[in-house]
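[1] prediction below, plus the sequence it came from.
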Amino acid sequence: MTLVALALALWAGAWALNVRLAAGPDQRRAALLVPALFGLTLLMLWELLVRGLAVPMVILPAPSRIGAAIAANAPILWTDFVQTVLRGALPGYAIGCAAAFAVALLADRVPLLRRGLLPVAGMMAALPVVGVAPILVMWFGFDWQSKAATVAVMVFFPVMVNTVAGLSAAEAMQRDLMRTYGAGYWSALSRLHLPAAMPFVFNGLKIATTLALVGAIVAEFFGSPIRGIGFRISTSVGQLALDMVWAEIAVAALAGSAFYGLIAVTEKRVTFWHPSNRD
Amino acid sequence: MTEAAAPGPATLAAATARRRLAARGAALRQSVLPVLGVIAALIAFWYLACIPMNAAQSVLEAARAGAPVTPAEASERRGMSGLALAVQNPAEAAARAYGQERPRLPAPHQIGAEVWAATAQVAPTSPRSLLYHGWVTLSATLLGFAFGAALGVLLAMGIVQFRVMDLSVMLWAIVSQTVPIIAIAPMVIVVLHSVGISGIVPKAAIAAWLSFFPVVVGMVKGLRSPDAAQLDLLKTYGATARQTFLSLRLPGSTPYLFASLKIAVAAALVGTIVAELPTGAQAGFGARLLAGSYYGQTVQIWSALVAAAVLAALLVALVGAAERLVLARMGLRR
């Protein structure tokens, strides 16, 4: 019981500190410290509550046990990471985004195609595309090819819809300027339309990062070689090795956050001129 | 005579109506025809793709029926691609591509026939009915969507009203979405099962997890959408923070809320289907997909996929209808 009380006291103390920090004068420091402290408190709360209430390991392992599982199984986690993220998610992401980008450029060039394709693509983007995973596993086999194909199909529609929207984002005034310069299609594309589309494109790319991991892991449920994050999770749940499950989840979350962060940092560099990136 | 020269108000109204109708007809041709064209092209491509995709099976059936096929030896055919087989046996491949029991790629009419058979020709309570599976998935989706949307709205209100929540919660909400939900799904179900909760709640929890995030993002944007002039006006009225919230921020956020609810309801459906995959669920579209994949019943997979797509479209359309109704009553409709 003392551990539970300690956890609650810790929570209250950290929250009070966060309130003071958030209201304090140094806003830049607060923007870094407050979320870090919040995350740390969550972890401590989790550890203390699991120990204090004696939650069995098969329901919820404490963070310290998950950390131990990560340290003990590092080679397995690494092979799973390579199989799911490096072989499944990343190639699929690259193929899907490239295809979506090409189709979006084509649709922007041909107005008839855009009017026909955009409503269809918008509808497809709302559909549960993950459902194609069993079909693609049947077509491309159990290894990474089917995972990459699932990811490519899943990321295609959001990236395409966003890119088409972005390519028409340049204002009439800017288009007129290009026309007065006598710019052809390609030079107007590279100097005006593509840069103007970048905020939209990156929006699509960021949505697609989370979809890519989901797609790669879902496809593993329909058949996979004996490695991969999804495979390990489903077998470890069967063995009630919940610490291993959480270790894989931690790996997936880290990979997902890193991937998202990478795209977000690239966005900041590419679209430095956009109002949302100005201080 | 004068009446004929100057058109009366009735004819003028009729002319306006005619012109409006003609304009609507032109708009229809502008928007509907290209869409129909794209869909027709996709279906034509689909039928064409069936031939090479199903060629291996077609040629095998032809050889068993005693028809001459090239190459004649089965061992030679094994390593060949579907395209090569279809090119060498065009007649057999085309004739037998659309009637197979378990085609690699079923033709649209085969899927349509299966959907029809599984909805109209069996009782809705039978486990062979897509309506039955659809109801199982729909109920979990709606429950999860309701919880997710409510949680999202509450979090957004907190984030907008309290700076400390803005700083601490928002980043972790983003991180929560980079955790692939499918990784959590089997465990959530096992854990909830071991504390005695099973059935609809674990699936709804995963649906809620996926649907709260778009609502938070959209609602925060919406609650912050009133501009400085509007906020200043309320300040000159001497409005309290609560009054500002209720009479300016909350109504101002409605269009944003509905836009994100549409995304959230589609996400909730995906979450439910995904949650039905790893658990050996007995019913629901996800279970249907998994069973079809185990037994190689491609037509069953595709029909479940089509049914899920129809359900998603219906749900999004339903939220859209609610949006039009509410915005029209609030006088916000453009």
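    Sure thing, it's come through.
[2] going forward, measure contacts and count neighbours with C-alpha atoms only.
    Noted.
[3] where along chain B do the strands fall?
    Assigned by DSSP state E, chain B shows no strands.
[4] domain-wise, how is it divided?
    By the assignment in automatic domain parsing, chain B contains the domains B:9-99, B:130-330.
[5] is the longest one positioned near chain A?
    Yes: Domain B:130-330 comes into contact with chain A when judged by Cα under 8 Å from any Cα of the partner chain, the residues involved being B:163-164, B:167-169, B:171-172, B:175, B:177-184, B:186-187, B:190-191, B:194, B:263, B:266-267, B:269-270, B:274, B:277-278, B:286, B:289-290, B:293, B:298, B:301, B:305, B:308-309, B:312-313.
[6] quick one, which of the residues you listed are buried?
    Neighbour-count burial (16 or more other Cα atoms under 10 Å in any protein chain shown) applied to these gives B:164, B:167-169, B:177-184, B:186-187, B:190-191, B:263, B:266-267, B:269-270, B:274, B:277-278, B:286, B:289-290, B:293, B:298, B:301, B:305, B:308-309, B:312-313.
[7] ok so, going back, so which of the residues of domain B:130-330 next to chain A are in helices?
    B:163-164, B:167-169, B:171-172, B:175, B:177-178, B:181-184, B:186-187, B:190-191, B:194, B:263, B:266-267, B:269-270, B:274, B:286, B:289-290, B:293, B:298, B:301, B:305, B:308-309, B:312-313 (DSSP state H).
[8] which parts of the stretch 51-200 of chain A sit against chain B?
    Going by Cα under 8 Å from any Cα, the residues of the stretch 51-200 of chain A near chain B are A:58-60, A:112-113, A:115-117, A:119-120, A:123, A:126-128, A:130-132, A:134-135, A:138-139.
[9] distance between the longest helix seen in chain B and the chain's centre?
    As assigned by DSSP H, the longest helix anywhere in chain B is helix B:9-53. Distance, stretch centre to chain centre, for helix B:9-53: 23 Å (Cα atoms, centre = their mean, to the nearest Å).
[10] wait, does that helix contact chain A?
    Yes: using Cα under 8 Å from any Cα, helix B:9-53 reaches chain A at B:30, B:31, B:32, B:33, B:34, B:35, B:36, B:37, B:38, B:39.
[11] so what's the nearest residue to the third one once chain neighbours are set aside up against?
    In this case it means residue B:32. Take residue B:32 and drop its neighbours on the chain: the residue closest to it by Cα to Cα, 6 or more residues apart in numbering or on different chains is residue A:116, 7.7 Å away. Listed by Cα atoms under 8 Å, 6 or more residues apart in numbering or on different chains, the contact partners of residue A:116 are B:31, B:32, B:33, B:34, B:35, B:36, B:37, B:38.
[12] and what about residue A:116, helix, strand or coil?
    Judged by DSSP: H, G, I helix; E, B strand; the rest coil, the three-state class of residue A:116 is helix.
[13] about what we covered before: okay if I get the contacts of residue A:116 as CSV plus neighbour count, pLDDT and distance to residue A:257?
    Formatted as CSV, these follow (neighbours: other Cα atoms under 10 Å in any protein chain shown; pLDDT from 0 to 100; distance: Cα to Cα, whole Å):
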residue, neighbour count, pLDDT, distance to residue A:257
B:31, 15, 72, 40
B:32, 14, 79, 41
B:33, 15, 81, 43
B:34, 21, 80, 40
B:35, 21, 81, 37
B:36, 14, 85, 40
B:37, 15, 84, 41
B:38, 20, 82, 37
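[14] so where's the stretch 51-200 of chain B shaky on pLDDT?
    When residues are selected by pLDDT under 70, those of the stretch 51-200 of chain B lie in B:178, B:180-183, B:186.
[15] at 90 what do you get?
    Low-confidence segments of the stretch 51-200 of chain B (pLDDT under 90): B:51-137, B:155-200.
[16] please enumerate the helices of it.
    Along the stretch 51-200 of chain B, counting by DSSP state H, counting those that start in this stretch, helices occupy B:55-64, B:74-78, B:82-88, B:90-95, B:108-119, B:130-161, B:163-178, B:181-194, B:200-223.
[17] what distance do you get for the nearest residue to residue A:11 once chain neighbours are set aside to chain B?
    Leaving aside its sequence neighbours, residue A:11 sits nearest to residue A:41 (Cα to Cα, 6+ apart; 6.4 Å). Applying Cα to the nearest Cα, to the nearest Å, the value for residue A:41 to chain B is 11 Å.
[18] which SS state does residue A:41 fall under?
    helix.
[19] neighbours around it, how many?
    Residue A:41 is flanked by 19 other residues according to other Cα atoms under 10 Å in any protein chain shown.
[20] residues contacting it?
    For residue A:41, the contact set (Cα under 8 Å, 6+ apart) comprises A:10, A:11, A:14.
[21] what helix or strand is the second one on?
    Using DSSP states H and E, residue A:11 maps to helix A:2-23.
[22] quick one: distance of that helix to the chain centre.
    Remark: helix A:2-23 is offset 31 Å from the chain centroid, using Cα atoms, centre = their mean.
[23] so for it, what's the average pLDDT?
    Confidence for helix A:2-23, expressed as mean pLDDT, is 80.
[24] again with stretch B:218-226
    For stretch B:218-226, the mean per-residue pLDDT is 83.
[25] who touches that stretch?
    Contacts for stretch B:218-226 (Cα under 8 Å, 6+ apart): B:152-153, B:156-157, B:159-160, B:248-250, B:252-257, B:259-260.
[26] measure the residue lying closest to residue A:127 once chain neighbours are set aside to residue A:130 for me?
    In this structure, residue A:127 finds its nearest non-sequential neighbour in residue B:309, 5.4 Å apart by Cα to Cα, 6+ apart. According to Cα to Cα, to the nearest Å, residue B:309 and residue A:130 sit 11 Å apart.
[27] what about the helices in the stretch 101-250 of chain A?
    Using DSSP H, counting those that start in this stretch, helices in the stretch 101-250 of chain A cover A:111-126, A:133-140, A:144-167, A:172-180, A:185-188, A:194-220, A:229-238, A:242-270.
[28] where does the stretch 1-150 of chain A have low pLDDT?
    A:1-67, A:69-74, A:76-77, A:79-89, A:107-147, A:150.
[29] mind doing that once more with 70?
    Ranges of the stretch 1-150 of chain A meeting pLDDT under 70: A:126.
[30] surely residue B:299 is in contact with residue B:102?
    Yes: Residue B:299 sits in contact with residue B:102 when judged by Cα atoms under 8 Å, with a separation of 6.9 Å.
[31] these two: which is more packed in?
    When residue B:299 and residue B:102 are compared for neighbours, residue B:299 comes out ahead with 25 against 15, by other Cα under 10 Å.
[32] ok, the more buried one - contacts?
    Residue B:299 neighbours (Cα under 8 Å, 6+ apart): B:102, B:103, B:106, B:110, B:111, B:114.
[33] who touches residue A:169 in this structure?
    A:193, A:196, A:197 are the contacts of residue A:169 under Cα under 8 Å, 6+ apart.
[34] what's the burial count for the closest residue to the first one other than its chain neighbours?
    So that's residue A:193. Nearest residue to residue A:193, sequence neighbours excluded (Cα to Cα, 6+ apart): residue A:167, at 5.6 Å. When neighbours are counted by other Cα under 10 Å, residue A:167 registers 23.
[35] I'd say residue A:167 and residue A:108 touch.
    Yes: assessed by Cα under 8 Å, residue A:167 is found in contact with residue A:108 at 6.9 Å.
[36] can I see the domain layout of chain A?
    According to automatic domain parsing, the ranges for chain A are A:2-55, A:70-277.
[37] residue B:215 touches residue B:152, doesn't it?
    Yes: assessed by Cα under 8 Å, residue B:215 is found in contact with residue B:152 at 5.1 Å.
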